[in-house]
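*Asks:* Structure for the following, please:
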Amino acid sequence: MRTRTAVLATAALCGLLSRGAPRAAQGEERRPLDFEAVIENAKARVFPALVFVRPMQEDLSAGERRRIEVFGSGVIVSPEGYVVTNHHVAEKATEIRCVMNDRRQVEASVVGLDEPTDLALLKLVLSPGEKVPYAELGVSAELAEGQFVMALGAPYGFERSISLGIVSNARRHLGGGDAHAYNNWIQTDAAINPGNSGGPLVDTRGIVVGINTLGVQMASSLGFSIPADIVRRVVDRLRTDGRVLRSWTGLTLRPLVDYAMSTVFDGEKGVIVDDVAPGSPGERAGLEKGDRLLRVGQRETNGRYREDIPEIHWTLADLPDGRPAPFEIQRAGAKRILLVVPELCDGCDVMGFEAPRWGATFQSITRDRVPDLAFHRKSGVYVLGVKYPGRAAEAGLREFDIVLSVDRMPVADLSALAGAYERTSGTATGKRTVLLEILRDGRRTFLAVEVPAAEKEGR
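*Replies:* Numbers count the residues shown, from 1 in each chain. As a prediction, the model looks like this:
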């Protein structure tokens, strides 16, 4: 009985595996695939393109500059050596080395980063004319629940690993605001652990269908990958422009049927405007909370469920900067057209500015990074981190304080702050008091930071 049960289970598994294989020609008998042969074939196609990514990052969030070695995974997607990995693996990297399939360490440069989708594109520094093995990006829209997939990567810093599982959900929406605004996720029970980030999710044909990103450590068999269709869209733009340009309208959207919020709106068409940012292009055009957005330009904006919202976000993000776009809405049962003039999303200084003499680090204010601060001040500088113990901490400076002036000199941006910082160095002996004017919770106040004027930076 046990032998017969094992045979039936193996046959069923092979039958499921055959779903990921190329379809048989008309009239040709479709046979179950050998389980180990399928895995070996897929592994042979992708393993040579798998890389162990070892970036050296500089981080300012603790109030001082720190060099941190991290690790992650990546996959080569072209013979010229372009590598896809995660943004959180490559961000703030001052140098990156990739361990290849033949165990060589090869330097890589950052081509572009895209924080909203957590994707990054690297380029291996190869010898002239050198070509490397690469993996093929597939079409993730064809994935179905129950299909077998493999997660490849370098979990916990181990150079190479492969885990097998199935697609638990091919189109999972995670919410979380702007962090997950532009894509749904492939949910899988294949093990995704720290270090797997940036590695490929592969189907049984050896085609990359996603990039592994999230593993829920306190849950069993719960991992998430960025779909290959989104990866291709972002990588093409990073390769061309070095970044993904997005327009901003200030709209927050809600699907017609939102079980998480217990709201259901009638009809099949459109999407609900849940909020409009103050001073945004949407507000200036007259859009209001509760409007039903039916069309942007020539494209319908049908968002019946949460999974439909990311594609609408792409529609809004791809609007040309500064060019009026017709938004068809429905309000109180009547349709109308409003002209919205999108703005280009804020640029940002990735590294920020370190002031070691003060014991603090600073960053530019942008709508995308700190929307709460941008409500009080559209541009400027805020405190990213405060070192403890340190002079800024002793003076009472806190994270997210907005810096208005240094010694009565206005601070409009990081460049102005850097200039003010240098002017406060001096060469005289004894202490120097630096007066910082800050905005905290909408209130202005002054803080006095006492620093030795002739102290060396040590950088």
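*Asks:* Test my guess that Ile438 contacts Val403.
*Replies:* Yes: between Ile438 and Val403 there is a contact at 5.8 Å, judged by C-beta atoms under 8 Å. (Each C-beta comes from the backbone N, C-alpha and C, glycine too.)
*Asks:* Overlap in contacts, these two.
*Replies:* Taking C-beta atoms under 8 Å, 6 or more residues apart in numbering as the contact rule, Ile438 and Val403 both touch Val383.
*Asks:* More neighbours: which of those two?
*Replies:* Val403 (25 against 20; other C-beta atoms under 10 Å).
*Asks:* in which helix or strand would I find that one?
*Replies:* In the assignment (DSSP states H and E), Val403 maps to strand 402-406.
*Asks:* ok, that strand: who's next to it in the sheet?
*Replies:* Paired strands of strand 402-406, with direction, are strand 381-386 (antiparallel), strand 409-410 (antiparallel), strand 431-440 (antiparallel) (DSSP bridges).
*Asks:* Adding distance to Glu288 and mean pLDDT, write those strands out as TSV.
*Replies:* Below are the strands paired with strand 402-406 laid out as TSV (distance: least, C-beta to C-beta, whole Å; pLDDT from 0 to 100):
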stretch	distance to Glu288	mean pLDDT
strand 381-386	30	92
strand 409-410	36	92
strand 431-440	29	90
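*Asks:* Quick check: Glu422 is in a helix.
*Replies:* Yes: the assignment for Glu422 is a helix, going by DSSP: H, G, I helix; E, B strand; the rest coil.
*Asks:* how close does it sit to Pro452?
*Replies:* Distance, Glu422 to Pro452, using C-beta to C-beta, to the nearest Å: 15 Å.
*Asks:* out of those two, which sits in the more crowded spot?
*Replies:* The residue with more neighbours, out of Glu422 and Pro452, is Pro452; 15 against 10, by other C-beta under 10 Å.
*Asks:* What pLDDT is listed against the more buried one?
*Replies:* We have a pLDDT of 73 for Pro452.
*Asks:* Okay, and the beta partners of it?
*Replies:* For Pro452, the beta-bridge partners under DSSP bridges are Lys431.
*Asks:* Glu95 now?
*Replies:* With beta bridges defined as DSSP bridges, Glu95 has these partners: Met56.
*Asks:* Quick one: residues contacting it.
*Replies:* The contact partners of Glu95, by C-beta under 8 Å, 6+ apart, come to 55-56, 107.
*Asks:* in the top strand by length along the chain, what's buried?
*Replies:* In terms of residue count, the longest strand belonging to the chain (DSSP state E) is strand 161-172. Across strand 161-172, burial judged by 16 or more other C-beta atoms under 10 Å covers 161-168, 170-172.
*Asks:* What of stretch 328-345?
*Replies:* By neighbour count on 16+ other C-beta under 10 Å, the buried set for stretch 328-345 is 328-329, 338, 340-343, 345.
*Asks:* and which of these is nearest to Asn41?
*Replies:* Proximity of the buried residues of stretch 328-345 to Asn41 (C-beta to C-beta) peaks at Cys345, which lies at 42.8 Å.
*Asks:* Double-check that closest one against Arg246; I have them as touching.
*Replies:* Yes: using C-beta under 8 Å, Cys345 is in contact with Arg246, at 4.6 Å.
*Asks:* shared neighbours, those two?
*Replies:* Ala317.
*Asks:* what's near enough to touch Leu201?
*Replies:* By C-beta under 8 Å, 6+ apart, the neighbours of Leu201 are 149-152, 186, 188, 190, 208-212, 225.
*Asks:* Tell me the one of those nearest Glu268?
*Replies:* Using C-beta to C-beta, Ile186 comes nearest to Glu268 of the contacts of Leu201, at 26.4 Å.
*Asks:* Let me know the helix or strand that that closest one is in.
*Replies:* Per DSSP H and E: Ile186 is located in strand 185-188.
*Asks:* mind listing what the next helix or strand after that strand pairs with, with the direction of each?
*Replies:* Using DSSP H and E, the next helix or strand after strand 185-188 towards the C-terminus is strand 200-203. Using DSSP bridges, the strands paired with strand 200-203 are strand 148-153 (antiparallel), strand 208-215 (antiparallel).
*Asks:* out of these, nearest to Gly282?
*Replies:* Of all the strands paired with strand 200-203, strand 208-215 comes closest under C-beta to C-beta, at 29.9 Å.
*Asks:* For the helix or strand just after the closest one, which helices and strands make contact with it?
*Replies:* The first helix or strand that comes after strand 208-215 along the chain, using DSSP H and E, is strand 223-227. Contact analysis of strand 223-227 by 3 or more C-beta pairs under 8 Å, 6 or more residues apart in numbering; DSSP states H and E lists strand 185-188, strand 208-215 as its packing neighbours.
*Asks:* got the angle between strand 223-227 and strand 148-153?
*Replies:* Angle of strand 223-227 versus strand 148-153, following axes from the mean of the first three to the mean of the last three C-alpha atoms, to 10 degrees, is 90 degrees.
*Asks:* Report the mean confidence score over the helix or strand just after strand 223-227.
*Replies:* Per DSSP H and E, the first helix or strand lying C-terminal to strand 223-227 is helix 228-241. Mean per-residue pLDDT for helix 228-241: 95.
*Asks:* residues of helix 228-241 that come out buried?
*Replies:* The neighbour-count check on helix 228-241 (16+ other C-beta under 10 Å) flags 228-235, 237-238 as buried.
*Asks:* same check, this time on stretch 289-301
*Replies:* Quick answer for stretch 289-301 (16+ other C-beta under 10 Å): 291-296, 300-301.
*Asks:* next one: stretch 265-277
*Replies:* 270-274, 276-277.
*Asks:* Run a quick neighbour tally on Arg323.
*Replies:* By other C-beta under 10 Å, the residues close to Arg323 number 10.
*Asks:* Of the buried residues of stretch 328-345, just say which sits nearest to Val51.
*Replies:* Distances from Val51 to the buried residues of stretch 328-345, taken by C-beta to C-beta, are shortest for Cys345, at 30.2 Å.
*Asks:* Might you report the residue contacts of Thr188?
*Replies:* 149, 151, 165-168, 201, 223-225.
*Asks:* any chance of the residues you listed in TSV, with pLDDT and distance to Glu311 too?
*Replies:* Formatted as TSV, the contacts of Thr188 follow (pLDDT from 0 to 100; distance: C-beta to C-beta, whole Å):
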residue	pLDDT	distance to Glu311
Val149	94	23
Ala151	92	26
Gly165	91	27
Ile166	93	25
Val167	95	20
Ser168	94	22
Leu201	95	21
Gly223	87	23
Phe224	92	18
Ser225	94	18
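*Asks:* Could you find which two of these are furthest from each other?
*Replies:* Maximum pairwise distance among those (C-beta to C-beta): 13.9 Å, between Ile166 and Phe224.
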